[in-house]
Each structure stands twice: as structure tokens, then as C-alpha cells.
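>>> Let me see the structure of the following:
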Amino acid sequence: MTGVHPTRRRAPCAMLGRMSRVVGGRYELLKKLGAGGMGAVYLARHTTTYSRCALKLIHDHAEDGNSHARFLREARAPAEIGHPGIVQVLDAGIDEDGTMFVAMELLAGQSYRGVVQRTDVSLEEKVSLLLDALDPLAVAHRKGFVHRDLKPENLFVLSSPGAGPRVKLLDFGIARDGGAMELTETGVLVGSVKYVAPEQARSARDASPASDVWSVGVMLYELAFGDVPFSGQSSFDVIVKIHAGKFVPLRERAPEVPAAYEALVHRCLDQTPSARPRDAAELAAELVPILDDGLPDATPGWPAPLRSPSSEKRRVDPSTGSGSRRRPAPPRASEPPTSSVGTGRTEPTPPPAKTASESSSDSRSESSSDSSSGRRSSPDLAWLTPKPSQRRAKGMTIVPLLRHVHAMRRAGVKLTLTPRDEELLSQRLIVSDWYPLELWTRLVELQAEGCRNDLAMAEEMGRIGATELIGSVHRSFVTEGNPRRSLRALSRMWSRYFDFGEVHVVDLGDDCARVTITGYSDMPPWYAHMAVGWVHALVELSGSRVREHRIEEVPWKNDGRYRIVVCWKT
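The predicted model follows:
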């Protein structure tokens, strides 16, 4: 793939400001439909056939460094699973500027999140739709796949399903194939925090079909009560509660729910995976009789749905003429035939608001549960959550710095640590979330202290660290035999990990480039030299040898500009 001239280089997908871009030489972007953890989704039209599709552009700042491998997995998983209840992938590729894209069928309907929040849909109907989603999930589990990110946003309810499925599973970008090489790091969370199982929160490698069952259990709890069982002011509060395994019993919050429904939800939320239904098929088999026995229309979190005469007619069973319920069968042993679906989207309605008395009652219930069980209260981790005015760094930048500092301490290096430093170093789980930049900066300072501020050592550590990281999870950013193009990937790496500043790369002839970092007025000298090491590593990984590098400019009087020049020999 040839390089793109810098003056004609297309903007990265995250920076699209107008819909005139053609991706992969064949998909014209028409409008943005939405965004998710891995990328943004656009309405697109094939330039030759004029057929329309949903085109996902993979963000360069996706949640972990394995975006290329996850892109391939998302593109291939639907075909390998082979179920019409999973959104079908039509095409995939990599644009000339390195942006990865997946073309998918365009669906007509709305996100299941919109259905969950609607007050004109009964609990029974919501659960029935969730039961439909267990059908393709059961086939995926049987074929060795674990979704690992089940939540209402990743289910899509079709408006005109015809003879096909009513619900489709989306986003297999972080699905795990039991036979595939594991691509995530221990200590980095994969999945959405409120719906993630405790074993998956500890390590993505431990995810199993029972982890998906946990996520469905969270949704079943939310459908009945109107909120998830584990919530908090930050991701860290939620993780602490999930690991503690404490939540208010469902029937204390929604007494109208049948005991059998509560018992199944509690089994799904058991801390021990083996105590849960083992997979989606077993969960569906237990949920069907509960649904057949009937569920209440109204619970404390949801009022009784207001129905028009037309909606009542839709509830009548055409085969009997009576108002009997639709009773979905559990996932079938045989795989159904494929089907195609149309286009469109609708917006969800807002969720019902809780009253002050309900909120305080919830808090009292959780507090009394904590004291009666003898467990310690959740630690205050609010200092790990950035305030709106703070600059931020992604958790993926925190993890390697924590490892380096721990390695120094194990080697006997004496560091001057404050109580807050000790608390930071005691963290055993860093989620792929935003953190205050001050935490990242403090870890850099400790690293520099441990190396006695030797700037030559800073460059070497930057080079070694970049070689390890870019050579594995960021390999897609490196172009063999083209250091200039590899260096231009620095701008995408920066925006992936920091929410401020920019990186610009300007060519200086055929074998030199100037790298400018702006917006960082207080860059520590130690990190400035580590950046030199990163640039050095990118050139080496491209198959060339650095013959000269120098720091041309450092931030001065808050101008926030840092400039490196690097030259190489191929």
C-alpha cells in the first residue's frame, strides 16, 4: 500500500467534518448514524452498485491496542457463527490512510436500549425480546465464541422482521473465539463496566459463556427495576461492588416480580461462574417457563404501559383470536436459514426518573446490606475519576508505567512515595477509561526518580517500551520500508491516549522528518526524551536505521510546542 502525500492526506475517521469522503475506494459516506467503543458507524453507499450499508470506521483510539486484530475478528465472526440473528458483514478492508472499515447490513428499527427505556412496552415484551437474542448467542457459545460485551446497546430490535429474527446481536469486535490466540492484557478491562462479570473484570482471558450469562442477568435485573444492580459514581465504584458481590435483592426493589424470576436473576449474578446457567441455551430454557407463567406490567421502576386500541390488537394471537402471549421457544439445535433485513433507525425515549425518596431508599438498603454482611464499605475512588476541567490520559498509558514502577521497587530502588502514591500503586485493576493526567505525570516522575533523571536512560526506556508495545498491539501503525508513513501514525497514537494537544509530522526530504507536539506546556524533560525513544523505535520497526536525531524546540513560556527532528538510513 503506497503512502499518501501529506498535503492530500484524508482526515482520520474521528475527525470527519463533512460527508464527502470515499472509504476504501468504494464507499461514499452519507451521514453519521452513531458511535461505539471501537468506532463510528455511517450510512454509506457503494459507488458502483449504489447499494446502501452501515459502514463502521474503526477508531485509532479504540479501547485497547489490539484494534487491528479485533477488526478482523468482528469481520469474520458472523460468518463463522452462521446465524441470521447476528448482523451480517458484507465487506471489510483498510483505507489508504490506514483506517479500518467494516460494511454491514443496514437494519430497520432501534437499539434495544430504546426499548428498555420505553414506558409503553411491558416487562413481558421486553423480556421476550431479550429471550430472542439468546438464540444467536446460544449458537455462538456452542461454536466456542464468547461475546464479552453484551448490553442493551449491542442488541438491535428490527421494526419489520418478517419471518426472520426480531432481534440481532451487534458488535462482535471483542468477542473471543475459544480457539484463537488471546489478544488482551491481564489487568485491562474488556467490556462495559456495568454489565461485566467479575471474572472478566479481573482478566479478559477468564471470560466464558457464563460471563455472557452474567451480562444477561444484569439486563434482566434492569428490565424489572429500571436500573442495573451495580452502580456508582465512577467505573471504579462499580467494579468494587461487582467484586464484592453485593446488590439489593431484586424483589426488595420490585416485589411484583415472580420469585422464580428473581431466583434466576440471582443465579445469573452469582460470583462463581459454575453456579450460573452454563450458557445462553441453558439460560433460555429456564427463562421460557417464567415468561409463559406471566410477568407484571408495572414494577416500581416502570409504570404500567399505556396502550392504545391499536396496540391491544397487535397483542392478539392471530392463530387463536385471543390475547395470549407470544411464547418464544428456546434456542434451536439446528441453525435457521439466513435472511436479509431493510434500513432505518429511531430515537429512544428518556428513562423514567427516580424520586428522591426512591434514591435515598436504595442508598439505605445498600448501606444496611453492607453493615449486616460485615463487609467493608467500598473505598472512595473518586480521585481516580477526572473532573471536567482536567486533562486526561487513557488507562492503557497508566498500566505500563505502573508495571515499571513496581519493577523498580521489586529491584530495591528507593522511591519517595506519598500516601496517595501508595494508594495509586495498590490498584490492581485499571480499566480502559479516562484518568486524570496528573496520575500519569506522577508515575512518569517516579520512573524518572528511579532512574536518577538520567536523560539517556529516558531515551532508551522510551525506545524499548515503544518497541514492545508498537511491535505487538500497534503493529498496524507501522509500514515496512516507509518510516515517513509510520511516523505519521504518531498523531493517531496521541489522540488515542490523550484528550488534549496534537502531533504534526512534516517531511524534510526523503529521509528526515520533523515531529511537533503541541498543547503540552509542561512536558517533563524525562518524558520529552522518552518521546525521542518512541520516534527512534518507529523508524527501526519500519526497517530503517536512525542516523541522527535532535530536539529542536521545547515548551517555553506556555507556547506548548515540542519539536524533534529525526533522520534515517534505509
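>>> C-alpha from now on. contacts and neighbour counts both.
OK.
>>> and after the helix of greatest length in the chain, which helix or strand comes next?
In the chain, taking DSSP state H as the definition, the longest helix is helix 123-142. Next along the chain after helix 123-142, taking DSSP states H and E as the criterion, comes strand 145-146.
>>> From the contact counts, what lies against that following strand?
strand 176-177, helix 209-225 (3 or more Cα pairs under 8 Å, 6 or more residues apart in numbering; DSSP states H and E).
>>> Can you lay out those as CSV showing mean neighbour count, distance to residue 539 and mean pLDDT?
What follows is the helices and strands packed on strand 145-146, written out as CSV (neighbours: other Cα atoms under 10 Å; distance: least, Cα to Cα, whole Å; pLDDT from 0 to 100):
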stretch, mean neighbour count, distance to residue 539, mean pLDDT
strand 176-177, 21, 33, 52
helix 209-225, 25, 41, 95
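>>> Let me know which of those is the nearest to residue 448.
Closest to residue 448 of the helices and strands packed on strand 145-146, according to Cα to Cα: strand 176-177, at 38.0 Å.
>>> immediately after the closest one, which helix or strand?
Counting by DSSP H and E, what follows strand 176-177 is helix 198-202.
>>> Which residue, other than its chain neighbours, is closest to residue 387?
Once flanking residues are discounted, residue 387 sits nearest to residue 436: 7.6 Å by Cα to Cα, 6 or more residues apart in numbering.
>>> Out of the helices and strands packed on strand 145-146, flag the one nearest residue 124.
Per Cα to Cα, nearest to residue 124 of those: helix 209-225, 9.4 Å.
>>> could you point out which element follows that closest one?
According to DSSP H and E, the helix or strand after helix 209-225 is helix 235-244.
>>> tell me which residues of the very next helix or strand once past that following helix are tucked away?
On the C-terminal side of helix 235-244, the nearest following helix or strand under DSSP H and E is helix 250-253. Buried residues in helix 250-253, counted by 16 or more other Cα atoms under 10 Å: 250, 251, 253.
>>> Next one: the last one relative to residue 279, how far apart?
Put plainly, it is residue 253. 27 Å (Cα to Cα, to the nearest Å).
>>> did I read that right, residue 153 in a helix?
Yes: counting by DSSP: H, G, I helix; E, B strand; the rest coil, residue 153 falls inside a helix.
>>> okay but it is in contact with residue 113, surely?
Yes: applying Cα atoms under 8 Å, one finds residue 153 in contact with residue 113, separated by 5.4 Å.
>>> So which of the two has more stuff around it?
residue 113 (19 against 16; other Cα atoms under 10 Å).
>>> With adjacent residues omitted, what lies nearest to the more buried one?
residue 152 (4.7 Å).
>>> same thing with residue 220?
Distances taken as Cα to Cα, 6+ apart put residue 265 closest to residue 220, at 6.6 Å, once the chain neighbours are dropped.
>>> Who are the contact partners of the one you found?
217, 218, 220, 221 (Cα atoms under 8 Å, 6 or more residues apart in numbering).
>>> Is it part of a helix or strand, or is it coil?
helix.
>>> ok, now how distant is it from residue 224?
10 Å.
>>> Point out where the stretch 51-200 of the chain drops to low pLDDT.
59-71, 74, 161-164, 173-191 (pLDDT under 70).
>>> in the stretch 1-150 of the chain, which spans are helices?
67-81, 112-116, 123-142 (DSSP state H, counting those that start in this stretch).
>>> what's the shortest one packed up against?
This points to helix 112-116. strand 155-158.
>>> The same query, at a cut-off of 10 Å, please.
In terms of contacts (3 or more Cα pairs under 10 Å, 6 or more residues apart in numbering; DSSP states H and E), helix 112-116 is packed against helix 123-142, strand 155-158, helix 209-225.
>>> Just put these in a markdown table and tack on distance to residue 467.
What follows is the helices and strands packed on helix 112-116, written out as a markdown table (distance: least, Cα to Cα, whole Å):
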| stretch | distance to residue 467 |
| --- | --- |
| helix 123-142 | 36 |
| strand 155-158 | 38 |
| helix 209-225 | 34 |
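>>> Between those, which one is closest to residue 108.
strand 155-158 (5.5 Å).
>>> Give me the helices and strands touching the following helix or strand past the closest one, please.
Next along the chain after strand 155-158, taking DSSP H and E as the criterion, comes strand 167-169. If contacts are counted by 3+ Cα pairs under 10 Å, 6+ apart, strand 167-169 sits against strand 109-111, helix 123-142, strand 155-158.
>>> Of the helices of the stretch 1-150 of the chain, which is nearest residue 511?
helix 67-81 (27.8 Å).
>>> so residue 425 touches residue 407, yeah?
No: using Cα atoms under 10 Å, residue 425 makes no contact with residue 407, being 11.5 Å away.
>>> which of the two has more neighbours?
Ranked by neighbour count (other Cα under 10 Å), residue 425 and residue 407 place residue 425 first, with 15 against 12.
>>> dump the residue contacts of that one.
Going by Cα atoms under 10 Å, 6 or more residues apart in numbering, residue 425 touches 402, 403, 405, 406, 417, 419, 443.
>>> wait, isn't residue 550 in contact with residue 567?
Yes: Residue 550 is within contact range of residue 567, at 9.2 Å (criterion: Cα under 10 Å).
>>> Give me the common contacts of the two.
In contact with both residue 550 and residue 567: residue 514, using Cα under 10 Å, 6+ apart.
>>> Compare neighbour counts for these two and give me the winner.
Remark: of residue 550 and residue 567, residue 567 carries more neighbours, 21 against 13, as counted by other Cα under 10 Å.
>>> Pretty sure that one sits in a strand.
Yes: under three-state DSSP, residue 567 sits within a strand.
>>> Would you mind giving me the confidence score for it?
Looking at residue 567, its pLDDT reads 90.
>>> Likewise for residue 5?
35.
>>> For residue 506, find the nearest of the helices of the stretch 1-150 of the chain.
Closest to residue 506 of the helices of the stretch 1-150 of the chain, according to Cα to Cα: helix 67-81, at 25.9 Å.
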